[in-house]
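>>> got a predicted structure here, sequence first:
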Amino acid sequence: MRRRLRQVSSLRATFTVSFAAVAAVVTVLVGFLSYDAAARLVRVDQQTVFAEVVQDLRDQVREHPLEPSDFASSDPDHDGPLDDIIRPSRTDVQVLGPKGAIVDHGVPPLPVDGHDRAVADDGKAGRLEQHKDVDVAGDRYRVATVSLGGGRGAVQVAQQFSDTEDLLRTLQRRTVVLVGAVVIAAGLFGWWLARRITRRLVRLAGAAEDVARTGRLGIQVPVTGHDEVARLGRSFDRMLGRLAQSEEDQRRLVQDAGHELRTPLTSLRTNISMLRRIDELPPDAREELVADLALESRELTDLVNELVALAAGQSDTEPVRQLDLADLAEDVAIVTRRRTGRDITVRTTGDTAVDGRPSALQRAVSNLVENAAKFDRGGTEPIEIVVTGPPPRPGATHHPADAPAGPALPTGSTVPGSSTGLGSGLGGSGGSAGRHGPGSVRVEVLDRGPGIGDEDLVRVFDRFYRAADARSLPGSGLGLSIVREVSTAHGGTPFAHPRKGGGTVIGFTVEGAHPVD
């Protein structure tokens, strides 16, 4: 539990740090670019205004011979050249006389050095001397001194830029505070979002750990929402359901197999105990005992083989490929003729190609034919295998053995599938089993045996089920169950119904082959 909390906390911390880091990078980048652009714009604007004022002053003194008194701050009409300088830029102006003497102090007074005095004594009007960073009363100024010409003096124009820098520093501090606030908000949002997402992951992890700890597969996984986490939860829930069903199927298989194996093993044990007194038995009894042992061992071997085939058939390890059920039926007929000595005919019509596992389908057809031969042991009429498919697609190649279909087969009651073991949930449904839909192939085996009673039709495909009148015959009760498993694994259903004139029609359907473009 502690490890899970550490993992979840780590995931939440990752979300939180990731959101905060992304927000920090984006906010710092945007804040820096915004501040840099704003600062550059303000500075350039201030410098441009100051340069325009200085240029206007130089143009004035060049065009008109002005005296220091023309720039006096005591002009009552406010229509002198000094007002033309102050209005647009709110600059500080100080007037110098000959030799650089201060005629009219600025507010605050501006410093005058040797370069400024030389400009004031210059004979040419419009000479310029600039100071880019001057300390005036604790503030920073840019100062320009423009000569009036003829040694009459000069005019000093100053613009304070320290207040602009103070404004920009305030903006910088506010940007830093904003970046911090955004980072904190992003971290909180990331933590909230991570908690919202991981809450469902915590429940899912808890369910998985409960399954691992207790081994119980029937745990219900709570699922909410429709996102990827919800899809994961639903998939996990379905997986647990399938595993629980598989575990139940295996348990039932073991129980059924144990029940069925108990009878032949008991008989074998009894006969083996008789072997201790075999010398006391008459010759006929000895022969009967040996025959019983051979028969019981064969039935036990057949039962084990059927169980192995039934269990192995669910692994689906055999690759799926396209095959023709008509060819497969012909092969089964040849083998069964040789094994039983019975006459077996094959009739096919339509397109009998399917996508399936050859060995599994061959075993299913073989089980049907052998089952018919067993119950129609003294029959004289041939056992028929009928393979019926949909009409061939245009351009499809027909099987060489295709022949016109015989008389229409009678329809009868069908066998509803039941949940039996490893193939549970895949059985046919009553009423539709035995009727092949468009694109499916139908395999039928027809015999003239004693038939199947109505009470047995609904259970004939159940595992280990044997009708009352068939319990004296050899067999394990698994042959038709394997037919059902193979059919449902190939998208079809098994079916069985009485045949007109006596006997049984029993078989299964399989989904047809998918067309290849």
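Sure thing, it's come through.

>>> list phi and psi for residue 500.
phi -60, psi 140 (degrees, to the nearest 10).

>>> all helices of the protein, in order?
Remark: helices assigned in the chain by DSSP state H are 2-63, 81-89, 114-120, 162-214, 228-275, 283-312, 325-340, 358-375, 454-457, 479-489.

>>> if you average pLDDT over each of these, which is lowest?
Among the helices of the chain, helix 81-89 carries the lowest mean pLDDT, a mean of 59.

>>> if I pick the spatially closest residue to residue 178 that is not a sequence neighbour, what's in contact with it?
Leaving aside its chain neighbours, residue 178 sits nearest to residue 31 (6.6 Å; criterion: C-beta to C-beta, 6 or more residues apart in numbering). Where C-beta positions appear, they are placed from N, C-alpha and C, glycine not excepted. Contacts for residue 31 (C-beta atoms under 8 Å, 6 or more residues apart in numbering) come out as 175, 176, 178, 179.

>>> name all residues that make contact with the last one.
Put plainly, it is residue 179. 24, 27, 28, 31.

>>> stretch 208-225: which residues count as buried?
211, 217, 221, 223 (16 or more other C-beta atoms under 10 Å).

>>> apologies, that question was intended for stretch 235-243.
In stretch 235-243, counting by 16+ other C-beta under 10 Å, buried: 236, 237, 240.

>>> so which of those residues is the closest to residue 330?
When the buried residues of stretch 235-243 are compared for distance to residue 330 (C-beta to C-beta), residue 240 comes out closest, at 44.6 Å.

>>> pretty sure that closest one sits against residue 219.
Yes. Between residue 240 and residue 219 there is a contact at 6.5 Å, judged by C-beta atoms under 8 Å.

>>> which residues are in contact with both of those two?
Contacts common to residue 240 and residue 219, judged by C-beta under 8 Å, 6+ apart, are 207, 211.

>>> in this protein, which residue is closest to the centre?
residue 228 (6.5 Å; C-alpha atoms, centre = their mean).

>>> from residue 211, how far off is that one?
Between residue 228 and residue 211 the computed distance is 21 Å (C-beta to C-beta, to the nearest Å).

>>> how far away is residue 325 from residue 460?
According to C-beta to C-beta, residue 325 and residue 460 sit 22 Å apart.

>>> scratch that, residue 213 is what I was asking about
Per C-beta to C-beta, residue 213 is found 43 Å from residue 460.

>>> and what of residue 127?
For residue 127 relative to residue 460 (C-beta to C-beta), the value is 122 Å.

>>> most widely separated two among the buried residues of stretch 208-225?
Counting by C-beta to C-beta, the most remote pair of the buried residues of stretch 208-225 is 217 and 223, 16.6 Å apart.

>>> outline the domain layout of the chain.
2-166, 228-295, 319-511 (automatic domain parsing).

>>> got CSV for those, with distance to residue 186 too?
Formatted as CSV, the domains of the chain follow (distance: least, C-beta to C-beta, whole Å):
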stretch, distance to residue 186
domain 2-166, 3
domain 228-295, 22
domain 319-511, 49
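
>>> which one of those has the most crowded surroundings?
domain 319-511 (a mean of 19; mean count of other C-beta atoms under 10 Å).

>>> just so I know, which of the domains of the chain lies nearest residue 201?
That would be domain 228-295 among those, by C-beta to C-beta, at 6.4 Å.

>>> so what's the gap between that closest one and the chain middle?
Its chain's average C-alpha position is 42 Å from that of domain 228-295, according to C-alpha atoms, centre = their mean, to the nearest Å.

>>> could you do stretch 179-190 as well?
Distance, centroid of stretch 179-190 to centroid of chain: 30 Å (C-alpha atoms, centre = their mean).

>>> could you export it as PDB, CA atoms only?
Below are the C-alpha coordinates for stretch 179-190, written out as PDB (Å, rounded to 0.1, in the frame of the first residue of the first chain):
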ATOM      1  CA  VAL A 179       5.400  35.000 -13.400                       C
ATOM      2  CA  GLY A 180       5.500  33.700  -9.800                       C
ATOM      3  CA  ALA A 181       1.700  33.800  -9.500                       C
ATOM      4  CA  VAL A 182       1.200  32.000 -12.800                       C
ATOM      5  CA  VAL A 183       3.800  29.300 -11.800                       C
ATOM      6  CA  ILE A 184       2.000  28.700  -8.500                       C
ATOM      7  CA  ALA A 185      -1.400  28.700 -10.100                       C
ATOM      8  CA  ALA A 186      -0.100  26.200 -12.800                       C
ATOM      9  CA  GLY A 187       1.300  24.000 -10.100                       C
ATOM     10  CA  LEU A 188      -1.900  24.000  -8.200                       C
ATOM     11  CA  PHE A 189      -3.900  23.200 -11.300                       C
ATOM     12  CA  GLY A 190      -1.500  20.500 -12.200                       C
END
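
>>> what residues sit buried inside that stretch?
Those would be 179, 182, 183, 186, 187, 190, for stretch 179-190 by 16+ other C-beta under 10 Å.

>>> okay, now residue 226: neighbour count?
9 (other C-beta atoms under 10 Å).

>>> what's the distance between it and residue 202?
On the measure of C-beta to C-beta, residue 226 and residue 202 end up 19 Å apart.

>>> again with residue 52
In terms of C-beta to C-beta, residue 52 sits 68 Å off from residue 202.

>>> just residue 254 next, same as before
Relative to residue 202, residue 254 is positioned 36 Å away (C-beta to C-beta).

>>> do you know how far residue 95 is from residue 119?
13 Å.

>>> what's the overlap in contacts for those two?
residue 154.

>>> could you work out the end-to-end span of stretch 208-221 for me?
Here the two ends of stretch 208-221 are set 9 Å apart, with distance taken as C-alpha to C-alpha, to the nearest Å.

>>> other residues contacting it?
4, 203, 204, 207, 233, 236, 237, 240, 243, 244, 247.

>>> list the contacts for residue 147?
By C-beta under 8 Å, 6+ apart, the neighbours of residue 147 are 61, 119, 120, 122, 124, 125, 126, 127, 128, 153, 154.

>>> go again using 7 Å as the cut-off
119, 120, 122, 124, 125, 126, 127, 154 (C-beta atoms under 7 Å, 6 or more residues apart in numbering).

>>> which ones among those residues map onto strands?
residue 154 (DSSP state E).

>>> and the contacts of residue 147, which two are the farthest apart?
120 and 126 (13.0 Å).

>>> give me the buried subset of the contacts of residue 31.
175, 179.

>>> mind putting the contacts of residue 31 into TSV with distance to residue 143?
Formatted as TSV, the contacts of residue 31 follow (distance: C-beta to C-beta, whole Å):
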residue	distance to residue 143
175	31
176	33
178	36
179	37
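
>>> of all the contacts of residue 31, which comes closest to residue 287?
Out of the contacts of residue 31, the member with the shortest distance to residue 287 (by C-beta to C-beta) is residue 179, at 102.4 Å.

>>> leaving out chain neighbours, which residue sits closest to that closest one?
Nearest residue to residue 179, sequence neighbours excluded (C-beta to C-beta, 6+ apart): residue 27, at 4.6 Å.

>>> what are the bridge partners for the spatially closest residue to residue 388 that is not a sequence neighbour, then?
Nearest non-adjacent residue to residue 388, counting by C-beta to C-beta, 6+ apart: residue 442, 4.5 Å away. Counting by DSSP bridges, residue 442 is bridged to residue 388, residue 509.

>>> from memory residue 442 sits against residue 354, does it?
No. Using C-beta atoms under 7 Å, residue 442 is not in contact with residue 354, being 10.9 Å away.
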